[in-house]
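*Asks:* Return atomic coordinates for the entry below.
(2 chains, ligands or ions: 2)
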Amino acid sequence: MASTTPLDLPPAPPAPRGRPGSTGRAGDKIFIGLSRGSGILLLVVMASIAVFLSYRAVLAISKDEGNFLTTLDWNPAGDPPVFGIAVLLFGTVVSSVIAMVIAVPVAIGIALFISHYAPRKLAAPLGYVIDLLAAVPSIVYGIWGALVLVPYLEGLNLWLDQFFGWTYVFEKTEVGIPRSLFTVGILLAIMILPIVTSVSREVFLQVPKMNEEAALALGATRWEVIRLSVLPFGRSGIISASMLGLGRALGETMAVATVLSPSFIISLHVLDPGGGTFAQNIAAGFGEADEFGRDALIASGLVLFVLTLLVNGAARLIIARRKEYSGANA
Amino acid sequence: MAKRIDVGGLTAYYGSHKAIEDISMTVEPRSVTAFIGPSGCGKSTFLRTLNRMHEVTPGGRVEGKVLLDDEDLYGSGVDPVTVRRTVGMVFQRPNPFPTMSIFDNVAAGLRLNGSYRKNQLADIVEKSLRGANLWNEVKDRLNKPGSGLSGGQQQRLCIARAIAVEPDVLLMDEPCSALDPISTLAIEDLIGELKERFTIVIVTHNMQQAARVSDRTAFFNLAAVGKPGRLVEIDETERIFSNPSVQATEDYISGRFG
Ligand SMILES: Nc1ncnc2c1ncn2[C@@H]1O[C@H](COP(=O)(O)OP(=O)(O)O)[C@@H](O)[C@H]1O
Ligand SMILES: [Mg+2]
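*Replies:* Ligands and ions are numbered 1, 2, ... in the order given. Purely as a prediction, here's the structure:
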């Protein structure tokens, strides 16, 4: 009883059914099959890696005679085996925090300069250079830092000790070349600076013209435009850029291994040599370790993984909490 | 304080492209002047020269004079930032600060201009929102983001933000073109009220709107695509729509082109 219209109209084409992606052309079907297949494959591979690593890690931790979380030692080859991640967690967090505190403000400053202050003729090449620098593998900065930068940091350390030594954190109790967490932090800051700058600059360039003109038309100066329009709009982008940098800092291996003189102590004297990070400890130990030693290192690696997840989750929370205020729906 | 605008021999460029040429006119205080003309004839460009927003565009350049009462906005030593604090602007698409609350949106200009005590600020915000006929709709949610309002409410929020700093002149560039008919009417009513206090210049592509809200109408045209836009004539709105002195105006208004 479909076509009992008074006029003799041709029957209407059938309404599309279901999802638009599943309308049955051969190409669509192949594409859907391929993407679904590779998605599933990826998940399976990742899951099996996770299971494998967790299994090895649990194996190692179950034989740990120390406390895996609190022991200030890393000696899985000993008898009995004793190892704990406290020093690594501390060192990783402290050096990364130092790196972020230094790098993020500087990166935002440089990005704002390129996107909103520099004359056009300068801005384009500068942006290009920053993008290039961001693509350079971070180990290059690591080597430069270890060879060139570290010797120069001694002066900075002495200065910090002299004027901020009373804060305890910047008190220097050992003299000599500063192979310390602080130096590592500075080096990490330099390494992540280009990527954070590059992404931030990209974000600042995307601020809609009408948002900036809203501020301009109220009689805002250039800085006020940045404060009223650019930074609020770029907020979540800045957080993402920082997370990208933090991810690199947390996982950076070789540069830290080149600079730090590792030791299994926890000291808030960040200018004193010693300490360690997850990545550095793995890089330093993996070669010589026996199978059990490697399992122990894998366990520490999983902790780093969880740490990264937590940090990213926190960042997402921060972004989501202000979603209704986000610039996206303007 | 509403002020008179006197434009003399104004030409504006985008880089080497001359967008408008040799425009002169006078806009009386406490009146509404409408700009009409085919699109691309330079209405927006001209409007933006009146608060020195034109030069924000890369390559934007202006020749000629714009006197506000007797002060040349383009005189040497005049800071464009100061000009924009006395000549407010409302844009085609509502552009409240998306991360700010309704209250902060209205207070934004005030906070740029100086420091106010908290209750003083609240008074001005309320007065401005009332002035923009928005107070009753938002008084219970001043702390909610401005981007959560409807398009018409957002545009009135932008008007409230602009009038909060008590500008001498209020420029509006097709303020209703992104709005539904009801919101458009609300804004047209509002313009009628605001002209008691401000000098208003409004660009519109809607001739009925020009006829409804304005006291005087300026017709702009361009000789050909790529040629600079020019002011054809400016006169009492009634005259422009009943008996314009230039044939091109009549052709445009009667819909014979454009
Ligand atoms: N940002 C810009 N850069 C270069 N040319 C522009 C720009 N904005 C407008 N123009 C040119 O200036 C002329 C006038 O444009 P506009 O003032 O927007 O006209 P209207 O508002 O009357 O439609 C047009 O030829 C347009 O192409
Ligand atoms: Mg326009």
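
*Asks:* what's the single longest helix in chain A?
*Replies:* helix A:26-62 (DSSP state H).

*Asks:* next one: that one to chain centre, how far?
*Replies:* For helix A:26-62, the gap between its own C-alpha mean and the chain's C-alpha mean amounts to 23 Å (C-alpha atoms, centre = their mean, to the nearest Å).

*Asks:* And the helix or strand just after it, what does it pack against?
*Replies:* Once the chain leaves helix A:26-62, the next helix or strand it forms, by DSSP states H and E, is strand A:74-75. Helices and strands touching strand A:74-75, by 3 or more C-beta pairs under 8 Å, 6 or more residues apart in numbering or on different chains; DSSP states H and E, are strand A:82-83. C-betas here are computed from N, CA, C, even on glycine.

*Asks:* quick revisit: flag every buried residue along the longest helix of chain A.
*Replies:* Residues A:53, A:56-57, A:60-61 are the ones in helix A:26-62 that count as buried (16 or more other C-beta atoms under 10 Å in any protein chain shown).

*Asks:* Name the nearest of the residues you listed relative to ligand 1.
*Replies:* Nearest to ligand 1 among the buried residues of helix A:26-62, counting by C-beta to the nearest ligand atom, is residue A:53 at 55.4 Å.

*Asks:* That closest one reaches residue A:300, doesn't it?
*Replies:* No: under the criterion of C-beta atoms under 8 Å, residue A:53 makes no contact with residue A:300, lying 11.2 Å away.

*Asks:* one step back: of the buried residues of helix A:26-62, which is the nearest to chain B?
*Replies:* Checking the buried residues of helix A:26-62 against chain B by C-beta to the nearest C-beta gives residue A:53 as the nearest, at 41.3 Å.

*Asks:* can you pull the pLDDT of the residue lying closest to the closest one once chain neighbours are set aside?
*Replies:* Counting by C-beta to C-beta, 6 or more residues apart in numbering or on different chains, residue A:53 lies nearest to residue A:298, which is 5.6 Å off, once chain neighbours are set aside. With respect to pLDDT, residue A:298 scores 94.

*Asks:* Now name the helix or strand holding residue A:298.
*Replies:* helix A:291-321.

*Asks:* for that helix, which positions count as buried?
*Replies:* A:293-304, A:307-308, A:311, A:315, A:319.

*Asks:* can you check stretch A:133-142 too?
*Replies:* By neighbour count on 16+ other C-beta under 10 Å, the buried set for stretch A:133-142 is A:134, A:138, A:141-142.

*Asks:* Dump stretch A:80-91 to CSV, restricted to CA.
*Replies:* These are the backbone C-alpha positions of stretch A:80-91, laid out as CSV (Å, rounded to 0.1, in the frame of the first residue of the first chain):
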residue,chain,number,x,y,z
PRO,A,80,68.6,-12.0,48.3
PRO,A,81,67.4,-9.6,45.4
VAL,A,82,66.5,-6.2,46.7
PHE,A,83,65.1,-3.4,44.6
GLY,A,84,62.7,-0.5,44.8
ILE,A,85,61.5,2.4,42.6
ALA,A,86,61.4,5.1,45.2
VAL,A,87,64.5,6.8,44.0
LEU,A,88,63.6,6.5,40.4
LEU,A,89,60.1,7.9,40.9
PHE,A,90,61.5,10.8,42.9
GLY,A,91,64.2,11.6,40.4
